[in-house]
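A.B. asks: the following block contains a protein sequence and its predicted model.
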Amino acid sequence: MVAYRRTRTRGNGYQKLFIKKLLRYLPHHLLLAITHKVRLRYAEKLLGSIAQKRIVTTKTLHQFSSSEMSEYQKLTKSTQFWHGTGRWQHGEHGTVDVLKSCCDTTGLKPARDVYAVFGGSDQHIIHSISVCRSRMVARSYADMHGVGWKEKNRHGDALTWTAYYYSLFYVRLFTVNGIKMLRRWKTWRSLSHDENGDNTWGKKVNKQARDVWDIFCLGSDIPGNYPMLIGVKHLASQVELEKPMRYYEARADKRIAITDISHIEVPYNKQEEVRRLLLAHNITLPVTSIELGECVSAQKSFTELLGWN
């Protein structure tokens, strides 16, 4: 009898780097969560200041005038959720123009989602749109459509924000629900990995992706691809998620209409291109730059950037 063994594609080391960062940030995240919950504002502010200096490292940011920053704040005042995506993604039948698809359907359309199982979904596979209250985390998801953690003019890179944001999430996930989560983990793995043992989620932007988190370092392998960050004012319908997932993400199970979108952020040099495409589809939607959003975000407190306020 011959025993067959699946050959796991050799990893790139980025998943291990993510885990290393996650474990490093966990004590800080835990302390910050405690001080926030019991309203120890001085301690919370101190921990936030430490995070801004030692965790979220910023080399350079594109500079904007005070009037431009004020205009951005007005533009995003009604934004409750953020969705990170990009101009292009790999599809079953070739490369998909995400922005054009959004224009054709006059909104964001739900896609296959095997991750809602961690939120207590009764269905193993649902169709949803993933959003979160933290602009920085959603921007990190957008950056994987560009050059990942190497994107310039960022207030903290994509891997750092996701590692910090989800550090406490994983602890809560397996301590709150325990055995039930382990059972769901097996279900999720069978649905999310291919015959080589590779996680397929990141392959929508880079076919060399192997794990969930390596894509935030790899970036996209689609020529000319770039990040897009979409502000959402309102969700018509949501999937009911269990603790702790509902504190970190939300899932829209119906189309997010153009009228429920506050604005779109793209790289500074792609604004006119996006405006022209929207105009060609008779869509009136504010378009601004990610760089401007980063400049404004750098002025906010750390807890605000986490979407806690």
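C.D. replies: Structure received.

A.B. asks: neighbouring contacts of the helix or strand hosting residue 231?
C.D. replies: Secondary structure assigned from DSSP states H and E places residue 231 in strand 227-232. Identification of contacts with strand 227-232 by Cβ atoms under 8 Å, 6 or more residues apart in numbering yields 75-76, 79-87, 98-99, 108, 131, 135, 138-139, 142-146, 151, 252, 256, 260-267, 274, 290, 293. In short, each C-beta sits where N, CA and C put it, glycine included.

A.B. asks: and if you look at stretch 34-45?
C.D. replies: Contacts of stretch 34-45 with the rest of the structure, by Cβ under 8 Å, 6+ apart, involve 31-32, 47, 301, 303, 308.

A.B. asks: farthest-separated two in those residues?
C.D. replies: Farthest pair in those (Cβ to Cβ) is 31 and 301. Separation: 15.6 Å.

A.B. asks: and the longest helix along the chain, how far out from the chain middle?
C.D. replies: If you go by DSSP state H, the chain has its longest helix at helix 14-37. From the chain centre to the centre of helix 14-37 is a distance of 17 Å (Cα atoms, centre = their mean, to the nearest Å).

A.B. asks: lowest-scoring secondary structure element of the chain by mean pLDDT?
C.D. replies: Using mean pLDDT, DSSP states H and E, the weakest-scoring helix or strand in the chain turns out to be helix 179-192, at a mean of 72.

A.B. asks: so which elements touch that helix?
C.D. replies: Judged by 3 or more Cβ pairs under 8 Å, 6 or more residues apart in numbering; DSSP states H and E, helix 179-192 is in contact with helix 158-176.

A.B. asks: for the helix it packs on, name the packing helices and strands.
C.D. replies: helix 14-37, helix 135-143, helix 179-192, helix 215-218, helix 245-248.

A.B. asks: is it possible to get JSON lines of those that adds mean neighbour count and distance to residue 237?
C.D. replies: Converted to JSON lines, those look like this (neighbours: other Cβ atoms under 10 Å; distance: least, Cβ to Cβ, whole Å):
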{"stretch": "helix 14-37", "mean neighbour count": "17", "distance to residue 237": "29"}
{"stretch": "helix 135-143", "mean neighbour count": "26", "distance to residue 237": "20"}
{"stretch": "helix 179-192", "mean neighbour count": "13", "distance to residue 237": "23"}
{"stretch": "helix 215-218", "mean neighbour count": "24", "distance to residue 237": "28"}
{"stretch": "helix 245-248", "mean neighbour count": "19", "distance to residue 237": "15"}
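
A.B. asks: among those helices, which is nearest residue 233?
C.D. replies: Nearest to residue 233 among the helices and strands packed on helix 158-176 is helix 135-143 (13.8 Å), distances taken as Cβ to Cβ.

A.B. asks: hmm, who's touching the closest one?
C.D. replies: When contacts are defined by Cβ under 8 Å, 6+ apart, helix 135-143 is touched by residues 79, 82-86, 131-132, 149, 151, 154-159, 161-162, 165, 216, 219, 227-229, 265, 290, 293-294, 297, 305-307.

A.B. asks: cutoff 6 Å now
C.D. replies: 82, 84, 132, 151, 158, 161-162, 165, 227-229, 305 (Cβ atoms under 6 Å, 6 or more residues apart in numbering).

A.B. asks: relative to strand 227-232, how tilted is that helix?
C.D. replies: For helix 135-143 against strand 227-232, the angle by axes from the mean of the first three to the mean of the last three Cα atoms, to 10 degrees is 140 degrees.

A.B. asks: the inter-axis angle of helix 135-143 versus helix 158-176?
C.D. replies: Going by the same axes, to 10 degrees, helix 135-143 makes 110 degrees with helix 158-176.

A.B. asks: please shift the residue numbers so they start at 444 in all later answers.
C.D. replies: With 444 as the first residue, the last one maps to helix 578-586.

A.B. asks: give me the below-cutoff pLDDT ranges for the stretch 644-752 of the chain.
C.D. replies: Across the stretch 644-752 of the chain, nothing is flagged by pLDDT under 70.

A.B. asks: can you pull out the strands in it?
C.D. replies: Remark: strands assigned in the stretch 644-752 of the chain by DSSP state E, counting those that start in this stretch are 670-675, 693-695, 699-700, 704-709, 730-732.
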